[in-house]
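Visitor: Got a predicted structure here, sequence first:
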Amino acid sequence: MSASGAPIANSPTAADVARDWEAVRATADIQFAPLPPMPVPKTPAWIEWLQEMVEKVFGPLARYLIAAWPILEKVMIALAVVLVLFLLWRLLGPLLGWRRKPEAEAWTPSREEALALLEDADRLAAQGRYGEAAHLLLLRSVGQIRAARPNSVIPASTAREIAGLPQLPPPARSAFAVIAGVVERCLFALRDLDAGDWQVARAAYADFALAELRA
């Protein structure tokens with residue numbers, strides 16, 4: 001070991017370092033010059049046109065929404081509250097009995113059916129066969145009820161049972177009850193009906209099926 005401050009043997013001098021550095025800089029395999037800046041790609045013309053169109057179309061709308069935001073915020077809150085209340089009503093309404101039960105669907109025979117039935121029955125009544133005419137009204141009415149409410153009438157159903165069917169709207173029950181009562185008087189009283197009895201049965205059916213028809 002050399003004394004403190006003494007130069008080390010064979011150590012490079014500053015001149016040697018500078019010479020070696022220049023030699024490295026002169027080597028063509030190593031690039032020391034800074035790279036040129038990357039050119040900024042030019043925006044295509046169609047993109048610039050699209051940006052301008054979007055700004056022209058949606059710019060005024062965006063400015064309007066920003067200006068009207070305080071009002072829109074209140075409207076959106078109100079709509080959200082209404083939606084929540086509606087969902088609660090749909091979910092809890094059936095449990096709490098809030099929703100009304102559907103009423104019996106209104107039903108009347110078609111105009112063609114009613115006219116054909118009354119025409120056939122009137123033909124019998126014109127011959128003095130009032131009992132047969134009323135009975136025809138009863139049988140055809142049962143067929144019309146069975147067609148309108150297939151599961152409500154069975155072959156063993158009596159006239160009184162059919163007249164009290166809850167599936168029928170009140171006008172239909174009332175008309176059928178009147179017709180059934182007239183026919184029952186004919187069957188159980190063992191006498192034929194007169195013109196007055198027939199008019200009662202006919203009027204009951206006409207008032208229900210075709211209000212403008214009167215005996």
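Guide: Done, it's in.
Visitor: Tell me which residues touch Gly131, please.
Guide: Under the criterion of Cβ atoms under 8 Å, 6 or more residues apart in numbering, the neighbours of Gly131 are Val183, Cys186, Asp192, Leu193. All C-beta atoms are positioned from the backbone trio N, CA, C, and that covers glycine.
Visitor: right, and the last one touches Ala134 too?
Guide: Yes: checked against Cβ atoms under 8 Å, the pair Leu193 and Ala134 is within contact range at 5.8 Å.
Visitor: Have a look at the two and say which one is more surrounded.
Guide: Ranked by neighbour count (other Cβ atoms under 10 Å), Leu193 and Ala134 place Ala134 first, with 29 against 24.
Visitor: Excluding chain neighbours, give the residue nearest to the more buried one in space.
Guide: Excluding the flanking residues, the one nearest Ala134 by Cβ to Cβ, 6 or more residues apart in numbering is Ala201, at 4.3 Å.
Visitor: circling back: any residues in contact with both of Leu193 and Ala134?
Guide: Val182, Cys186, Ala201.
Visitor: Secondary structure element holding the residue most central in space within the chain?
Guide: Central residue of the chain (Cα atoms, centre = their mean): Arg90, 13.3 Å from the mean position. Assigned by DSSP states H and E, Arg90 falls within helix 45-96.
Visitor: before we move on, the earlier item: lowest-confidence member of the shared contacts of Leu193 and Ala134, which is it?
Guide: pLDDT across the shared contacts of Leu193 and Ala134 is lowest for Cys186, at 76.
Visitor: Wait, that one touches Asp197, no?
Guide: Yes: if you go by Cβ under 8 Å, Cys186 and Asp197 touch, sitting 7.4 Å apart.
Visitor: Pull up the overlap in contacts between the two.
Guide: Residues touching both Cys186 and Asp197 (Cβ under 8 Å, 6+ apart): Ala134.
Visitor: Got the domain ranges for this protein?
Guide: 45-101, 111-209 (automatic domain parsing).
Visitor: Poorly predicted segments of this structure, please.
Guide: For the chain, the stretches flagged by pLDDT under 70 are 1-12, 24-25, 28-32, 93-94, 96-108, 152-156, 189-190, 210-215.
Visitor: What segments of it are helices?
Guide: For the chain, the helices defined by DSSP state H cover 14-25, 45-96, 111-126, 130-148, 159-163, 170-188, 195-209.
Visitor: Would you reformat those as a markdown table and include distance to Leu35?
Guide: Converted to a markdown table, the helices of the chain look like this (distance: least, Cβ to Cβ, whole Å):
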| stretch | distance to Leu35 |
| --- | --- |
| helix 14-25 | 17 |
| helix 45-96 | 28 |
| helix 111-126 | 95 |
| helix 130-148 | 91 |
| helix 159-163 | 101 |
| helix 170-188 | 96 |
| helix 195-209 | 99 |
